[in-house]
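S.K.: Structure for this input, please:
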Amino acid sequence: MFDLSALDLARFQFAFTVSAHIIFPAFSIGLASWLAVLNLLWFIKRDALYLSLFNHWKIIFAVVFGMGVTSGVVMSYQFGTNWSVYSDKVGPILGPLMGYEVMSAFFLEAGFLGVMLFGRERVGPSLHLIATCIVAFGTLTSAFWILSVNSWMQTPAGYTIAPNGQFFPADWSTIIFNASFPYRLVHMVLAAYLTTAFVVAGTGAWHLLRNSSERSAQLMFSMGMWMALLVVPLQILAGDMHGLNTLEHQPAKVAAMEGHYQSYPNGHAPLILFGLPDDQNQTMHYEVTLPNLSSLILTHDLTTPIQGLSAFPEDARPNAAIVFWTFRIMVAIGFAMLLLGIWAGIARWKGKFYTNRWLHRAAFIMAPSGFAAVVCGWITTEVGRQPFTVYGLLRTADSVSPLQASAVSASLIAFMLVYLAVFGIGSFYALRLMAKLPKHHIETEIGPTRAAGITPIAQVLEQAPEITTEH
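M.R.: Here you go, the predicted structure:
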């Protein structure tokens, strides 16, 4: 395929599958936690609106969760097909970590997912709430182990290397809680929450544009925008701390992100806002810069030396042409999220939160922004680690399976066609569900209504006028 080597095709295949996969866990992590919040609010307030939203979005969660599991299994197979040498070298460390993810996180999710989706009438509201919280906790646990695996590849620690080149564990606590793990975990979980918040807010905005008095749309939009206003600043702070950690452990990646081909031994590195990176000539064309700001952002000091890509061996430099732009897209999206959150906060303060149609249009446009930011962040992380699979220790070229390019290209084409069909249909179905309003729910089951201290008939009579008014 296009005269590419087996290594290039294997890398592209993994990049394609991981990009297709990561958007589903990013959504399901945040959505599971939001469902737990909705369930808790209904449990406390017994407002049917929260229950109708929960019942509506749990179906979307089931679809997204299924696609996430399916795409994740495909990725695991590639370790044995395209990256068998890598699997052999790091298997004694990564194998147990992946096993812990399955035994803890996936068992929790799979074991209680059915109860969350279908078990309210059978187990009652209290146990149903517990099951929902366990599913949410399971998604976070899955993120914990996967981020631990990836972070170890970025900042390896707690290992020994055998004469045959295999990595063996020496200290599991150091392996799991390696130097970059806390920063990556916080950054990714907050990204997942923001991804879900903007999807929910965008969905609410879509319905508000059609009917600004719809209560379910108002609640979705309000909760999503509160999350944006409160969490985006935390994400920016977490990203700054993550950047400081990356500068300490992966300075070549930071140099590529910043577009610094030359070093600044006396500090005062400029921030390159835009430009055209030229890796071949090691220069930045048509750059637009702000003096000293890169040093201030990266080190919080103007005089600390900053290394450029020229300070590293030529065969140990990442592709700046890719990393430079994906990093900027991610940061730009983050600040756009912040501005939208502030705009929504001002509109809420002025009493125009549910009537400002331009705000609703902006929120609808920003609905998929979290997915774009997550994918760009992931590309920045993974391409910036190159040319290593285990940073500084195991090269990507030494990790690939001994395959012919034709074999990898055939599986790549098959993956692309199947992914387009299966996940395209699944995503289309999820979008169709979002385009519909939640069905308002009248709680008449004997167990839940007795637990609420309300008789079924009285509760129906109490809620009926509200539902009649809305429809």
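S.K.: can we go C-alpha only for contacts and neighbour counts from here?
M.R.: OK.
S.K.: quick one, helices of the stretch 101-250 of the chain?
M.R.: Counting by DSSP state H, counting those that start in this stretch, the stretch 101-250 of the chain has these helices, from start to end: 107-118, 120-154, 172-176, 181-210, 215-249.
S.K.: I'd like the mean pLDDT over the fourth one, please.
M.R.: Okay, so that is helix 181-210. Here the mean pLDDT over helix 181-210 is 94, rounded to a whole number.
S.K.: now the third one
M.R.: Taken as a whole, helix 172-176 has a mean pLDDT of 94.
S.K.: same question, the second one
M.R.: Mean pLDDT, computed over helix 120-154, is 91.
S.K.: got the angle between it and helix 215-249?
M.R.: 20 degrees (axes from the mean of the first three to the mean of the last three C-alpha atoms, to 10 degrees).
S.K.: Pick the most buried one from the helices of the stretch 101-250 of the chain.
M.R.: Across those, the average number of neighbours (mean count of other C-alpha atoms under 10 Å) peaks for helix 181-210, which reaches a mean of 24.
S.K.: could you give the angle of it to helix 215-249?
M.R.: Compare the direction of helix 181-210 with that of helix 215-249 by the same axes, to 10 degrees and you get 150 degrees.
S.K.: what's helix 181-210 packed up against?
M.R.: In terms of contact count using 3 or more C-alpha pairs under 8 Å, 6 or more residues apart in numbering; DSSP states H and E, helix 181-210 is assigned the packing partners helix 6-45, helix 120-154, helix 215-249, helix 357-365, helix 369-385.
S.K.: and that helix with helix 357-365, angle?
M.R.: 130 degrees.
S.K.: okay, the angle between helix 181-210 and helix 369-385?
M.R.: Direction vectors for helix 181-210 and helix 369-385, defined by the same axes, to 10 degrees, enclose an angle of 150 degrees.
S.K.: So what's the gap between helix 181-210 and the chain middle?
M.R.: 9 Å (C-alpha atoms, centre = their mean, to the nearest Å).
S.K.: how about the helices of the stretch 101-250 of the chain in TSV, adding distance to Ile297?
M.R.: TSV is the format used below for the helices of the stretch 101-250 of the chain (distance: least, C-alpha to C-alpha, whole Å):
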stretch	distance to Ile297
helix 107-118	40
helix 120-154	22
helix 172-176	29
helix 181-210	17
helix 215-249	8
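S.K.: Mind putting the helices and strands packed on helix 181-210 into JSON lines with distance to Gly426?
M.R.: What follows is the helices and strands packed on helix 181-210, written out as JSON lines (distance: least, C-alpha to C-alpha, whole Å):
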{"stretch": "helix 6-45", "distance to Gly426": "11"}
{"stretch": "helix 120-154", "distance to Gly426": "20"}
{"stretch": "helix 215-249", "distance to Gly426": "22"}
{"stretch": "helix 357-365", "distance to Gly426": "21"}
{"stretch": "helix 369-385", "distance to Gly426": "16"}
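S.K.: what's the closest of those helices to Thr195?
M.R.: For the helices and strands packed on helix 181-210, proximity to Thr195 was assessed by C-alpha to C-alpha; helix 369-385 is nearest, at 4.0 Å.
S.K.: low-confidence ranges in the stretch 1-150 of the chain?
M.R.: 1-2 (pLDDT under 70).
S.K.: returning to that earlier point: let me know which of the helices and strands packed on helix 181-210 is the nearest to Leu412.
M.R.: Proximity of these to Leu412 was assessed by C-alpha to C-alpha; the nearest stretch is helix 6-45, lying at 5.7 Å.
S.K.: quick one: buried residues of the helix or strand just after that closest one?
M.R.: Downstream of helix 6-45, the next assigned helix or strand under DSSP states H and E is helix 48-81. By neighbour count, and taking 16 or more other C-alpha atoms under 10 Å as the criterion, the buried residues in helix 48-81 are 48-58, 60-68, 71-72, 75, 78-79, 81.
S.K.: swap in stretch 311-322?
M.R.: 316-322.
S.K.: ditto for stretch 356-373
M.R.: Along stretch 356-373, the positions that meet the burial threshold by neighbour count (16+ other C-alpha under 10 Å) are 356-357, 359-361, 363-364, 366-367, 369-373.
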